[in-house]
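# Generate coordinates for the sequence data below:
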Amino acid sequence: MEQTLADPSVKRVPFVAVVGHGPVLDREDGASATLRQLGASVRTLDLWDDPVNLFEDDPNMEGRPRALVFEALDRPDLAIAALRAVRKEQTFDNVGAIIAVTVGQMARVDPSSGFDDFVLHPYVPEELYARIRAVEWRRSEFATEERHKVGPIVVDQASHEVTKGGQPIALTAKEFALLVYLCERRGKVLSRDHLLARVWGNRYDGGPRTVDIHVRRLRAKLGDALPLETLRGSGYKLRMPESDGGESDGDGPASAEADSEDE
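Next comes the predicted model:
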């Protein structure tokens, strides 16, 4: 049985993402091993893997990392390229990033490369964790809006909760991610292929029908409160507030029929 974000039995644990070349990630003195010894939850990602792998459905983990640690060591150029790839995923926009380098590579870390801080390897465990806490705090101080209101629907990214008229709505992780993405781009027409790439990732093997299925589930759970339009041949659009009054939300039987015709 699939667990959902509103399930009170699910305790979602914040994690640190460590990004690096495969052999580096497995080192006993690496960032992932060091942080786990300190009791932190960690996910790892190879430099060449799709960043969306970091937030695949997992009922035990938060939807995005507390911080990103790029284990560059002697190759800061690779870490800079990896950071650019990660930042293309909107989910990571406001996640702090730290680059870990050896002493000999400090001079190659450009302050304009996009990292919030750096740490030296070999690590002092307490310093590594302190720097993660520092970038986490700084990012939270200047965080972008993480709470979206769509009529009676409130989407809280920080707590991973959705309510309608004050009542909690149970969504799966992917349903939640899709709803957040629609809210963040409210008023824009988003094609099925675009949504598939941004919410599921470029390496996802499923087709655009996956998007339609998840849209139907959102409409079933949120009903007429969700002003989501189906645009034939174009995709979906979450209407702006000024268009919410009086017109059909496109989430009733007619909209379901339009979905069927589009597929």
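# Helices along the stretch 51-200 of the chain, start to end?
With DSSP state H, counting those that start in this stretch, the ranges of helices along the stretch 51-200 of the chain come out as 76-87, 125-141, 173-184, 192-195.
# From the contact counts, what lies against the first one?
Helices and strands touching helix 76-87, by 3 or more CB pairs under 8 Å, 6 or more residues apart in numbering; DSSP states H and E, are strand 16-20, strand 67-73, strand 96-102. (Glycine included, C-beta is placed from N, CA and C.)
# So the protein: which segments form each domain?
16-141, 147-262 (automatic domain parsing).
# If you average pLDDT over each of those, which is lowest?
When the domains of the chain are ranked by mean pLDDT, domain 147-262 comes last with a mean of 80.
# Relative to the whole chain's centre, how far out is it?
Mean-position distance between domain 147-262 and its chain equals 16 Å (CA atoms, centre = their mean, to the nearest Å).
# The helices of the stretch 51-200 of the chain: which one's closest to residue 150?
helix 173-184 (6.4 Å; CB to CB).
# on contacts alone, who are the packing partners of the closest one?
strand 147-150, strand 153-156, helix 209-222, strand 235-238.
# Check which residues of it are buried.
173, 174, 175, 176, 177, 178, 179, 180, 181, 182, 183, 184 (16 or more other CB atoms under 10 Å).
# Can you report how many residues neighbour residue 35?
22 (other CB atoms under 10 Å).
# any idea what sits nearest it, other than its immediate chain neighbours?
residue 42 (5.1 Å; CB to CB, 6 or more residues apart in numbering).
# cool, residue 240 as well?
residue 187 (4.2 Å).
# That neighbour and residue 98: what is the separation?
According to CB to CB, to the nearest Å, residue 187 and residue 98 sit 35 Å apart.
# and these two? which has more neighbours close in?
Taking other CB under 10 Å, residue 187 and residue 98 do not tie; residue 98 has more neighbours (23 against 11).
# Settle this for me: that one is touching residue 114, isn't it.
No: Residue 98 is beyond contact range of residue 114, at 11.2 Å (criterion: CB atoms under 8 Å).
# wait, residue 122 sits on residue 30?
No: assessed by CB under 8 Å, residue 122 is found out of contact with residue 30, at 10.0 Å.
# what about those two, which has more around it?
residue 30 (23 against 10).
# so what's that one up against?
Applying CB atoms under 8 Å, 6 or more residues apart in numbering, we find residue 30 in contact with 18, 20, 24, 71.
# same check, this time on residue 27
By CB under 8 Å, 6+ apart, the neighbours of residue 27 are residue 33.
# Can you verify it is assigned to a helix?
No: Residue 27 is assigned coil when assessed by DSSP: H, G, I helix; E, B strand; the rest coil, not a helix.
# any idea how far residue 66 is from it?
22 Å.
# do the same with residue 96
Counting by CB to CB - residue 96 and residue 66 are separated by 8 Å.
# which residues are in contact with both of the two?
Shared contacts of residue 96 and residue 66, counting by CB under 8 Å, 6+ apart, come down to 132, 136.
# Between these two, point out the one with more neighbours.
Using other CB under 10 Å, the more surrounded residue of residue 96 and residue 66 is residue 96, with 23 against 19.
# thinking again about what came up before, name whatever forms a beta bridge with the residue nearest to residue 35.
residue 16 (DSSP bridges).
# And residue 228, by the same measure?
residue 238.
# Would you check that residue 19 makes contact with residue 72?
No: the pair residue 19 / residue 72 is not scored as a contact, 9.2 Å apart, by CB under 8 Å.
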